[in-house]
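>>> Task: produce atomic coordinates for the following.
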Amino acid sequence: MSVMDFVSTAIALSLALTLATLVIRHHAGRLRAKKKRYHPVAGTVSNQLFNFPRLHHYMTELACRYKTYRLLDLSRSAVYTVDPANVEYMLKTNFANYGKGLYMHSILSDVLGDGIFAVDGGKWRHQRKALSSEFSTKMLRDFSSAVFKLGAVKLARVIATCDQAIDIQILLGIELDSLSGTMKKTNNL
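Down below sits the predicted model:
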C-alpha cells in the first residue's frame with residue numbers, strides 16, 4: 001500500500017465522518033425543535049394520597065402555583081388545568097383530541113353507564129344531541145320557576161303558622177357564614 005492510497009483513504013474517511021457528523025447534528029437539531037413540551041410535574045398520586053384529608057386544599061394550592069400541571073401515576077400522567085385558554089382549547093377548539101379513552105370509560109361506566117360523561121365519539125354526540133333540548137333556556141326557566149313556586153308555597157306555610165322570630169338560615173337550610181371571608185375583607189377597607 002502506497003502513501004498516496006493511505007492519504008486518500010484517510011481523507012475519504014475524514015470527509016465521510018464529517019458528513020455523518022453534520023447529518024446527525026442536523027437531525028438532532030430538528031428532533032430537539034420538534035420535541036414535545038410537557039407541563040410541569042406537580043407531584044404523584046402518592047402526594048394525593050398523602051394529602052387525602054385535605055385533598056381539595058392541596059389541589060387548590062397546586063392550581064394557584066401552576067395554571068396547568070401534571071400528576072404522575074405508575075403507568076400514566078393526568079393533566080390538570082385552571083387556565084381558561086387551555087379549558088377552551090380542550091372543550092371547544094380541539095375537543096376530539098381529548099377523549100376519555102378506554103381506561104376512563106372502564107372506570108366511569110360502572111357508575112355512569114354509557115351516559116354522556118363516560119363515552120367518546122359517536123356515542124357522546126348522540127347523548128349530547130338527546131340532552132341538548134333538556135338544557136334549553138325555556139326548559140331551565142320553566143323548571144326553576146316551578147321549583148321556586150313550590151319553595152315559596154312551603155315558605156309561606158311555615159311563616160303563616162309561626163308566631164315568633166324565624167331563623168332564616170335554618171328555614172332555608174343554608175350556611176350564610178360562607179360569605180364571612182368576603183365580608184371581613186370588605187369591612188377592612
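
>>> Please count neighbours and contacts with C-alpha atoms only from this point.
Will do.

>>> where's the residue nearest the centre of the chain relative to Leu71, distance?
The chain has Tyr80 as the residue nearest its centroid, 4.3 Å off, counting by Cα atoms, centre = their mean. According to Cα to Cα, to the nearest Å, Tyr80 stands 8 Å off from Leu71.

>>> What average pLDDT does the helix or strand where Arg157 lies get?
Using DSSP states H and E, Arg157 falls within helix 137-161. The average pLDDT within helix 137-161 is 84.

>>> Name the residues that touch that helix?
For helix 137-161, contacts defined as Cα atoms under 8 Å, 6 or more residues apart in numbering pick out 133-134, 166.

>>> which stretches of the protein form helices?
3-34, 45-50, 55-65, 84-88, 101-112, 121-132, 137-161, 168-172, 180-187 (DSSP state H).

>>> mean pLDDT lowest for which of the ones you listed?
When the helices of the chain are compared on mean pLDDT, helix 180-187 scores lowest, with a mean of 44.

>>> Please report how far the residue of the chain positioned farthest from its centre lies from Ser8.
Of all residues in the chain, Ser2 has its C-alpha farthest from the mean position, at 71.3 Å, by Cα atoms, centre = their mean. Look at Ser2 and Ser8: by Cα to Cα, they are 10 Å apart.

>>> so how far is stretch 82-92 from its chain's centroid?
Between the centre of stretch 82-92 and the centre of its chain there are 8 Å (Cα atoms, centre = their mean, to the nearest Å).
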